[in-house]
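Chemist: Kindly return the folded structure for what I paste below:
(one chain, ligands or ions: 1)
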Amino acid sequence: MNQARRPLIAGNWKMNHGAASGVQLASDVARTTAAFGSVDVVVAPPFSALWKVADALQGSRVELSAQNMHPKASGAFTGEVAPGMLLEIGCKWVILGHSERRAMFGESDAVVAEKVKAAMDAGIRPIVCVGETLDERERGDTLNVVKRQLNAFLSIIADKPGFAAIAYEPVWAIGTGKVATTAEAQEVHAMIRASLAAIGPAMAEKTRILYGGSLSPKNADGLLREPDIDGGLIGGASLKAEDFSKVAETAQKIAG
Ligand code: PEP
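Modeler: Take a look at the predicted model:
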């Protein structure tokens, strides 16, 4: 982490927790992270729980994120949710380009870029995910793949330096318990930082680059101490307030 950027710890609940248990989890997260004033904390419940969780988070420091969004403002898109609808219920953030959406729902770099543009235009802060598969890593293609994914949206987030965040999530580390080593993660984060610097110094200084992939209280300290890792996007360990807030606590200690 670097003192220039506030750490950001975000929980991606995926398709877990309906409104009732989601309100409980969000309230527990609000309570257990309340003292970590140096850390920005975000939770991303499923769509159906957003409204009630937004209510439960009123008055807390925890901000709300969606896990996906349609790029259009309205229309005949059955089953989809528009940027304005998310804003209306208090979503400040949206996770875009998660590897599960890329792999299972066919989201290409171009689709991700279109969504990033729609979020930026609407004033919703995107957390844009990038990351290589195990095959791509084993072929030595990690940096090329991540660069290709980045290049699809970097110029779009350049309008407002620091508004968007980027999450490096090696696909082989997501939900597997196999975490990237600090060196593996830092190598990719440094490349992302250099790509941001090529746009301009403000982009490099202000954009938070999160690590995601089996991040937990056990491995957070090492990863969050790396100079270009500014926080985490957490799946499994965000489903228990205790584990999630321990990662936020680690970020708070390192940030000082
Ligand atoms: C994720 O899906 O964004 C993620 C990082 O999941 P996990 O922490 O479970 O690996």
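Chemist: Near the ligand, which residues of the stretch 1-150 of the chain? Just list them.
Modeler: Taking C-beta under 6 Å from any ligand atom as the contact definition, the stretch 1-150 of the chain meets the ligand at residue 12. For every residue, glycine as well, the C-beta is placed using N, CA and C.
Chemist: Show me the strands in the stretch 1-150 of the chain, by range?
Modeler: 8-12, 40-44, 63-66, 91-96, 125-130 (DSSP state E, counting those that start in this stretch).
Chemist: and the angle from the host helix or strand of residue 192 to strand 125-130?
Modeler: Element membership for residue 192, per DSSP states H and E: helix 182-199. Relative orientation of helix 182-199 and strand 125-130, computed by axes from the mean of the first three to the mean of the last three C-alpha atoms, to 10 degrees: 120 degrees.
Chemist: right, is helix 182-199 up against the ligand?
Modeler: No: Helix 182-199 stays clear of the ligand (C-beta under 6 Å from any ligand atom), getting no nearer than 12.1 Å.
Chemist: In that helix, which residues are buried?
Modeler: Buried residues in helix 182-199, counted by 16 or more other C-beta atoms under 10 Å: 182, 184, 185, 186, 188, 189, 191, 192, 193, 195, 196.
Chemist: tell me what that helix is packed against?
Modeler: When contacts are defined as 3 or more C-beta pairs under 8 Å, 6 or more residues apart in numbering; DSSP states H and E, helix 182-199 packs onto helix 142-151, helix 154-157, strand 165-168, helix 201-206, strand 208-212, helix 220-224.
Chemist: Same list, these, but as CSV with mean neighbour count and mean pLDDT please.
Modeler: Shown next, in CSV, are the helices and strands packed on helix 182-199 (neighbours: other C-beta atoms under 10 Å; pLDDT from 0 to 100):
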stretch, mean neighbour count, mean pLDDT
helix 142-151, 17, 98
helix 154-157, 20, 98
strand 165-168, 27, 98
helix 201-206, 16, 97
strand 208-212, 26, 98
helix 220-224, 21, 98
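Chemist: residues in contact with residue 52?
Modeler: Applying C-beta atoms under 8 Å, 6 or more residues apart in numbering, one finds that residue 52 lies in contact with 19, 20, 22, 23.
Chemist: So which residue of this protein lies furthest out from the middle?
Modeler: Centroid-distance maximum for the chain: residue 76 at 28.4 Å, with C-alpha atoms, centre = their mean.
Chemist: Okay, residue 140 and the ligand: tell me how far apart.
Modeler: Distance of residue 140 to the ligand, computed by C-beta to the nearest ligand atom, to the nearest Å: 23 Å.
Chemist: tally of neighbours for that residue?
Modeler: Neighbours of residue 140 under the rule other C-beta atoms under 10 Å: 8.
Chemist: same question, residue 113
Modeler: Neighbour count of residue 113, defined by other C-beta under 10 Å: 21.
Chemist: Nearest to the ligand within the stretch 151-256 of the chain, name that residue for me.
Modeler: Proximity of the stretch 151-256 of the chain to the ligand (C-beta to the nearest ligand atom) peaks at residue 235, 2.2 Å away.
Chemist: That residue: what's it in contact with?
Modeler: 11, 12, 14, 174, 175, 212.
Chemist: tell me the secondary structure for the residue lying closest to residue 202 once chain neighbours are set aside?
Modeler: Of all residues not flanking residue 202 in the chain, residue 161 sits nearest, at 4.0 Å (C-beta to C-beta, 6 or more residues apart in numbering). Applying DSSP: H, G, I helix; E, B strand; the rest coil to residue 161 yields a three-state assignment of coil.
Chemist: No further questions, thank you.
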